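**Q** fold the stuff below for me.
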Amino acid sequence: MKTQKRNKQHDEATPLIEQRAAEIQAFGRAVKLPIALSKKVCARSADNLNQLLADTITLRDLYKKHHWQVAGHTFYQLHLLFDKHFKEQNELVDTIAERIQSLGAMSIAMAADVAETTMIPRPPRGREEVPVQISRLLHAHEMILLEARSMARQASKDGDDGTNDLLVSDIIRTNELQVWFLSEHVVDVPLVRADGNK
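**A** Below is the predicted model of the structure:
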């Protein structure tokens, strides 16, 4: 029986590190996939969704910032609510990114790129009062809802039912529900004594 000589390099468990190569797909360039949509429609939907993705990542991270930094007598309730909303936004981030990829395009991914792309104003690094935190979140939600509604109309016009469904069923409905939960925390009602009992 002939014994084959093995390459010594393959005998060692040496990781192949520091590998470099050209990109296989540039950001902003869609490839044609057989999903019964034109490349032009896919590219337009992907561009819209990348803007929405950057803003959703920013909103998600704003929730985590406020989760860590919330203070005051509503700390416990808001600490939990902010984390719940963070997790829901994180699911939307993944859903949006996967839709972009399924359109044959590249989803935005890195924090620096998100920071350059998002339209949501950057908050200060320090801690803010609860009403300001909630106002920031509500403003970010409204920006996303305005985008999502406009993008849903465009996707419907283009016949991109998958993107339209994502925008309406996931993005709009989730953000509307979170707005409701947040808004109730800034209704000016008495904590202990009703106004009529003075």
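
**Q** okay, now the unreliable bits of the protein?
**A** 1-11, 197-198 (pLDDT under 70).

**Q** what about the helices in it?
**A** For the chain, the helices defined by DSSP state H occupy 8-11, 39-69, 75-102, 111-117, 130-158, 161-165, 173-183.

**Q** which of those helices sits most buried?
**A** Neighbour counts averaged per stretch over the helices of the chain are highest for helix 39-69, at a mean of 21; criterion: mean count of other CB atoms under 10 Å. (C-beta placed from N, C-alpha, C; glycine too.)

**Q** ok, back up a step: got TSV for the helices of the chain, with distance to K32 too?
**A** Shown next, in TSV, are these (distance: least, CB to CB, whole Å):
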stretch	distance to K32
helix 8-11	38
helix 39-69	5
helix 75-102	13
helix 111-117	24
helix 130-158	15
helix 161-165	16
helix 173-183	31
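
**Q** start to end distance for stretch 116-131?
**A** 27 Å (CA to CA, to the nearest Å).

**Q** mind listing what's buried along it?
**A** T118, I120, P123, E128, V130 (16 or more other CB atoms under 10 Å).

**Q** out of the helices of the chain, which is closest to G196?
**A** For G196, the closest of those is helix 173-183, at 23.6 Å, according to CB to CB.

**Q** which other helices and strands contact that closest one?
**A** helix 75-102, helix 130-158 (3 or more CB pairs under 8 Å, 6 or more residues apart in numbering; DSSP states H and E).

**Q** and for that helix, what are the contacting residues?
**A** 81, 85, 88-89, 92, 134, 137-138, 141-142, 144-145, 148 (CB atoms under 8 Å, 6 or more residues apart in numbering).

**Q** ok, 7 Å please
**A** L81, H85, E88, L92, I134, L137, L138, H141, I144, L145 (CB atoms under 7 Å, 6 or more residues apart in numbering).

**Q** which one of these is nearest to C42?
**A** The shortest approach to C42 among the contacts of helix 173-183 belongs to L92, at 20.2 Å (CB to CB).

**Q** name the nearest residue to the closest one, sequence neighbours excluded.
**A** Using CB to CB, 6 or more residues apart in numbering and skipping the chain neighbours, the partner closest in space to L92 is T56 (5.4 Å).

**Q** just give the closest residue to K64, not the sequence neighbours.
**A** In space, and not counting its chain neighbours, K64 is closest to F86: 5.0 Å by CB to CB, 6+ apart.
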